[in-house]
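In: Could you work out the structure for the sequence below:
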Amino acid sequence: MQTKEVHYSDYLRLDQILNAQVMESELQGAPAHDEMLFIIIHQAYELWFKQILFEIDSIAEIMGREIINDNSPELQTVVHRLGRIDTILKVAVHQIDILETMTPMDFLDFRDFLRPASGFQSWQFKITEAKLGLRFPERFGQEYYISQLRPEHITLIKSVEGKPSLLDLVNEWLERMPFFEQPEYWTGYEPLFPASGNKHPFWSDYSAIYASSLVEGETANRQPFENLFFGEESPTERRLSAKACRAALFIMLYRGYPLLQAPFRLLNNLLEIDEQLSTWRFRHVNMVTRMIGMRTGTGGSSGRGYLQGALDKHYIFREVAALSSYLIERRRLPRLSKELEERLGF
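Out: Numbering: from 1, shown residues only. The predicted structure follows:
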């Protein structure tokens, strides 16, 4: 039972929040009107990053469990919270619309007062990328991505990079998909083609159907298909194992079955998150180009050059996105056995 009254202002700590905008231009005796907007926009970004990290941690706790029932409230919670992250990132993208009401001349009124402060020093954003699955070898600008950070923030980022990311946990979850490990689900399966090597009869059929679906100019896809779904590259060369890729493709192909609907939405939400991050970077590149042209960033980075490099390279769930290259038409999908169809239903 609540024992004290809670006031709106006290609950939100409004005295602290509303007094947290200190304009450097004003301190320097040359107040610039648009600096207030600049501060509030970036404070809002950091609050959204905090919420995203809060959601990622809760998702990781669920995904890290040894057993997750794919028809359970837990998986539905993961899907819901991934969707929330996607929606927050859409808001982050639209905040650029507000920031762009500031003109280049408005920005110049206070830009030099900010040096060497830079959005490049947002340790929360770097931790967000790391927790989602961006690894150091995959980063653009490795030589200075932590060079502007305080020691305690570097320590925090390194600690996060040493732990399993959301992408790692998704890989483990996909590898646990049981359907191809249990022969009883395939008793009534009728192969369409002779067995190929050590492949499961379903995958033997799927490989043959996929190969026959390739048109002129696509035949080179056959080897990447084999490598992705049946190769055994080391973890340093790929983020999703061949087994996990097969499970993800199966989910995409047969997502109409009730048991696979939540797993499909989970994978789709990962792609949405990557798309929103990419959209945010794209908008950021264009905004910076508009504001400062080819000048260097206040933190010493190459400005537009760094942002463009990150846009081109920082795709986290690229292997999930690549699966669309290996889909076939619904009408050509192998017919599942009655046993498995029953298992995939409610």
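
In: Tell me the first helix or strand C-terminal of the lowest-mean-pLDDT helix or strand in the chain.
Out: Taking mean pLDDT, DSSP states H and E as the measure, the chain has helix 304-313 as its least confident helix or strand, at a mean of 70. Going down the chain from helix 304-313, the next helix or strand is helix 318-322, by DSSP states H and E.

In: Send me that following helix as CSV with only the CA atoms.
Out: Presented in CSV, the C-alpha positions along helix 318-322 are these (Å, rounded to 0.1, in the frame of the first residue of the first chain):
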residue,chain,number,x,y,z
ARG,A,318,23.2,-8.6,-42.1
GLU,A,319,23.1,-12.4,-42.1
VAL,A,320,19.4,-12.5,-41.2
ALA,A,321,18.8,-9.9,-44.0
ALA,A,322,20.8,-12.1,-46.5
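
In: And the next helix or strand past that helix?
Out: On the C-terminal side of helix 318-322, the nearest following helix or strand under DSSP H and E is helix 338-344.

In: can you list contacts of that next one?
Out: 179, 184-189, 254, 257-260, 336 (C-beta atoms under 8 Å, 6 or more residues apart in numbering). For glycine as for every other residue, the C-beta is placed from the backbone atoms N, C-alpha and C.

In: Make TSV from these and add distance to Glu138 and neighbour count to it.
Out: Below are the contacts of helix 338-344 laid out as TSV (distance: C-beta to C-beta, whole Å; neighbours: other C-beta atoms under 10 Å):
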residue	distance to Glu138	neighbour count
Phe179	31	18
Glu184	41	10
Tyr185	37	21
Trp186	37	17
Thr187	43	10
Gly188	44	13
Tyr189	39	19
Tyr254	31	19
Tyr257	34	16
Pro258	36	11
Leu259	33	17
Leu260	29	20
Leu336	36	20
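
In: Which strands and helices lie in contact with whichever strand or helix holds Ala60?
Out: According to DSSP H and E, Ala60 maps onto helix 35-63. Packing contacts for helix 35-63, counted by 3 or more C-beta pairs under 8 Å, 6 or more residues apart in numbering; DSSP states H and E, involve helix 24-27, helix 73-99, helix 123-132, helix 166-175.

In: who's in contact with Leu53?
Out: Neighbours of Leu53 in contact, by C-beta under 8 Å, 6+ apart: Gln124, Ile127, Thr128, Lys131.

In: Closest one of those residues to Ile62?
Out: Lys131 (14.2 Å; C-beta to C-beta).

In: For that closest one, give me its contacts.
Out: Here Lys131 is in contact with Leu53, Ile56, Asp57, Ala60, Val160, Ser165, Leu166 (C-beta under 8 Å, 6+ apart).

In: And the furthest pair within the residues you listed?
Out: Spatial extent of these (C-beta to C-beta) is set by the pair Leu53 and Ser165 at 12.6 Å.

In: hang on, the earlier thing: just put the contacts of Leu53 in JSON lines and tack on distance to Glu172 and pLDDT.
Out: Output for the contacts of Leu53, formatted as JSON lines (distance: C-beta to C-beta, whole Å; pLDDT from 0 to 100):
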{"residue": "Gln124", "distance to Glu172": "26", "pLDDT": "95"}
{"residue": "Ile127", "distance to Glu172": "21", "pLDDT": "95"}
{"residue": "Thr128", "distance to Glu172": "21", "pLDDT": "96"}
{"residue": "Lys131", "distance to Glu172": "15", "pLDDT": "97"}
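
In: possible to save the residues you listed as CSV with distance to Ser213?
Out: CSV is the format used below for the contacts of Leu53 (distance: C-beta to C-beta, whole Å):
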residue, distance to Ser213
Gln124, 45
Ile127, 42
Thr128, 38
Lys131, 38
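
In: in what helix or strand does the closest residue to Arg318 other than its chain neighbours lie?
Out: In space, and not counting its chain neighbours, Arg318 is closest to Asp274: 7.6 Å by C-beta to C-beta, 6 or more residues apart in numbering. Using DSSP H and E, Asp274 sits in helix 258-292.

In: which other helices and strands contact that helix?
Out: Counting by 3+ C-beta pairs under 8 Å, 6+ apart, helix 258-292 packs on helix 73-99, helix 104-108, helix 242-253, helix 304-313, helix 318-322, helix 338-344.
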